[in-house]
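*Asks:* Structure for this input, please:
(chains A and B)
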Amino acid sequence: AQSVTQPDIHITVSEGASLELRCNYSYGATPYLFWYVQSPGQGLQLLLKYFSGDTLVQGIKGFEAEFKRSQSSFNLRKPSVHWSDAAEYFCAVGENGGATNKLIFGTGTLLAVQP
Amino acid sequence: GAVVSQHPSRVICKSGTSVKIECRSLDFQATTMFWYRQFPKKSLMLMATSNEGSKATYEQGVEKDKFLINHASLTLSTLTVTSAHPEDSSFYICSAIRSGTQYFGPGTRLLVL
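*Replies:* Now for the predicted structure:
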């Protein structure tokens, strides 16, 4: 069965420091991959997505993610974190390569930003 | 980007009453919408897939008679929690599909007293 793993439940970084949030997926073919961000009490906002093509994907708010098939990973990165980036981040994979439009979510990583 | 709205943003109701939550795609038409439930500090749990003009498809373990879904138009899906009980208190989020991507609404906080 398809799954998404976000190994880090909680991460704290200092403002201005770089950030990498890990995401591993299980799927035999080329996956549809997504990163969403959720601020407290809010819905999810799409940061970026990968369907095919260039494995380095640029998103909003200065985020990027790199699809690495050999490692079954789609880690999210940002070179310099801002206090407003504090939120929960969810990695997701499209079920059956996006065929059903359903998403399988990871358990999320809560990011705290220290001044 | 695609915009999805939900109404109300929060609602408090008495046990035994029914509550309707609306999900609208504001700048696009969506034949498919999804309804999720999110528990505190937890990931999203898919409840059902809402298809315009047809019956919703419910995930295993979700009571279809309790969580009524209607997708009457290409821009509106509704979730009605019938005979609500305190255990139904939760954060309900909808999403709509556009070009293979889910765009989420801001969520509805339901508190059943």
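
*Asks:* Return the residues of chain B in contact with chain A.
*Replies:* B:1, B:4, B:6, B:32, B:34, B:42-44, B:46, B:49, B:91, B:93, B:95, B:97, B:100-107, B:109 (C-beta under 8 Å from any C-beta of the partner chain). Every C-beta, even on glycine, is put in place using the N, C-alpha and C of the backbone.

*Asks:* Can you say which of these are buried?
*Replies:* Among the residues of chain B next to chain A, those classed as buried by 16 or more other C-beta atoms under 10 Å in any protein chain shown are B:4, B:6, B:32, B:34, B:43-44, B:46, B:49, B:91, B:93, B:95, B:97, B:101-107.

*Asks:* ok, the spatially most central residue of chain B to A:Val13 distance?
*Replies:* Centroid check for chain B by C-alpha atoms, centre = their mean gives B:Trp35 as the closest residue, at 3.9 Å. To A:Val13, B:Trp35 is 34 Å away according to C-beta to C-beta, to the nearest Å.

*Asks:* Chain neighbours aside, what residue packs nearest to the residue nearest to the centre of chain B?
*Replies:* Leaving aside its chain neighbours, B:Trp35 sits nearest to B:Met47 (4.6 Å; criterion: C-beta to C-beta, 6 or more residues apart in numbering or on different chains).

*Asks:* Tell me where the chain has strands.
*Replies:* Answering for chain A, as no chain was given. For chain A, the strands defined by DSSP state E cover A:3-5, A:10-14, A:19-21, A:24-26, A:33-38, A:44-50, A:56-58, A:64-68, A:73-78, A:87-94, A:103-105, A:109-114.

*Asks:* that's the wrong chain, I meant chain B
*Replies:* Under DSSP E, chain B gives strands at B:4-7, B:10-13, B:19-25, B:32-38, B:44-51, B:57-58, B:67-73, B:76-81, B:90-98, B:101-104, B:108-112.
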